[in-house]
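Chemist: structure, please.
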Amino acid sequence: MNNLTEPQIQQLRDFSDCIVVHPKIKTIFNDFDELRFNRKFQSDQQCMLLIGDTGVGKSHLINHYKKRVLATQNYSRSTIPVLVSRISRGKGLEATLIQMLADLELFGSSQIKKRGYKTDLTKKLVESLIKAQVELLIINEFQELIEFKSVQERQLIANGLKFISEGAKVPIVLVGMPWAERIAEEPQWASRLIRKEGLNTLA
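Modeler: As a prediction, the model looks like this:
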């Protein structure tokens, strides 16, 4: 590795970041595109569930899609057409909303906690999503948000995400392990998750 030239190193970096668009990935990318397009005509936003075991390439896929959108479309620096946010283990809905706001680069969780910043996080996120012209919100590792939660807690999470999707007119893609399907048990999400895809190992 030490004998490689800079062009060779860059080629390796480019190769590690590439993805083979086989039929399953093409289907998923088409689903993402259609969700973004249909949002303009839907009062109740269509949403999607993308599940797969650890290591199948879920994160690589969604990050590649985000880069692909930015590379093929003309957007200003203040817009984020595809927002990908990841949930940390053991965190609740409030921490998740703060993370999404941080991913929008508006302010970080440390600023809120240290300064005692009090606001309606859900309303703030809706306003920020609209301002950034987000067309698709992808929540990665979604199972971390609902794992070990009671029925009542899952209902609160479902209600919060529903409000965000409706208020910002943004479809949401929930990405996670197979048991993330439990969100579909909530009545307000059963009818929204009109698209569901399972991902096997990308070989």
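Chemist: all strands for the chain, in order.
Modeler: 47-51, 82-86, 136-140, 172-176, 193-198 (DSSP state E).
Chemist: report the angle between the longest one and strand 47-51.
Modeler: When axes from the mean of the first three to the mean of the last three CA atoms, to 10 degrees is applied, the directions of strand 193-198 and strand 47-51 differ by 20 degrees.
Chemist: would you mind finding the most buried of the strands of the chain?
Modeler: strand 172-176 (a mean of 25; mean count of other CB atoms under 10 Å). Every C-beta, even on glycine, is put in place using the N, C-alpha and C of the backbone.
Chemist: which residues are contacting that strand?
Modeler: 32, 35, 45, 47-51, 58-59, 62, 136-144, 161, 164-165, 180, 183, 193 (CB atoms under 8 Å, 6 or more residues apart in numbering).
Chemist: show me what contacts the residue nearest the centre of the chain?
Modeler: The residue lying closest to the centre of the chain (CA atoms, centre = their mean) is I138, at 1.3 Å. Contacts for I138 (CB under 8 Å, 6+ apart) come out as 62, 66, 82-85, 172-173, 175.
Chemist: what sits against the residue nearest to V82 when sequence neighbours are not counted?
Modeler: Counting by CB to CB, 6 or more residues apart in numbering, K66 is the residue found nearest to V82 once chain neighbours are left out, at 4.4 Å. By CB under 8 Å, 6+ apart, the contact set of K66 is 82, 84, 138.
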